[in-house]
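Model the following, please.
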Amino acid sequence: LLGQYTTVHRSVESGKGCYNPTVSQKFPIDHTKQYEFSIWILSTGPDINNYLGFYVYDKKGDQILTGCIANPYFKSSKNDTVSWVRWNGFVLPSNVPSSTSDCNKPKDILKYFSKGENWKWPRNAVSATIRFQSCYGDGNNQGISYFALPQVFQSDLQL
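Now for the predicted structure:
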């Protein structure tokens, strides 16, 4: 998954998978490097909440569950209808300064390059997974969300 676009897998969610995300296999990361996560999403209804996020693991293979990094999402919102939309977000190196109000979120230095929230790696991170899912909002359960081409690559975007 490093240095190139790689398809993890494709998923079709019907809303029945709430809180049961599609999760890739673990892949190695270097917490001193920057990575971009992305996916294409299309929903048949405007009330479907779609999610793109990741999990982070330490050298023992345990999920890192401290602070905000325990449940990080780049996207957790509705209104992905009409056409395919590419959502992306960055995980920045662990030495990037955090904003004062959000524990693991970097200062908003990539807001013009990403469609979603941005994060930074914990210093003890050695691997990660990409995850995505849909869940109905407002009690509506009649639509479908399609997820295509989930990708993770080491980003060389210089700021």
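
going forward, measure contacts and count neighbours with C-alpha atoms only.
Will do.

so where's this structure uncertain?
The model of the chain has pLDDT under 70 over residues 1-20, 67-68, 78-82, 98-116, 136-143, 157-159.

what ranges do the strands span in it?
11-13, 22-23, 27-28, 35-43, 48-57, 73-77, 85-92, 119-120, 127-136, 145-154 (DSSP state E).

Comparing these, which comes out most buried?
Counting by mean count of other C-alpha atoms under 10 Å, strand 119-120 has the highest mean neighbour count of the strands of the chain, with a mean of 26.

Just checking: what are the partner strands of it?
Strand pairing for strand 119-120, using DSSP bridges, gives strand 85-92 (parallel).

Can I get the strand it pairs with in PDB? Just the C-alpha atoms.
C-alpha atoms of strand 85-92 as PDB (Å, rounded to 0.1, in the frame of the first residue of the first chain):
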ATOM      1  CA  VAL A  85     -17.600  11.600  -4.900                       C
ATOM      2  CA  ARG A  86     -14.000  11.000  -3.800                       C
ATOM      3  CA  TRP A  87     -13.400  11.500  -0.100                       C
ATOM      4  CA  ASN A  88      -9.900  11.700   1.200                       C
ATOM      5  CA  GLY A  89      -8.000  12.700   4.300                       C
ATOM      6  CA  PHE A  90      -4.400  12.700   5.500                       C
ATOM      7  CA  VAL A  91      -2.600  11.300   8.500                       C
ATOM      8  CA  LEU A  92       0.400  13.500   9.100                       C
END
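
If anything else comes up later, I'll come back, but that's it for now.
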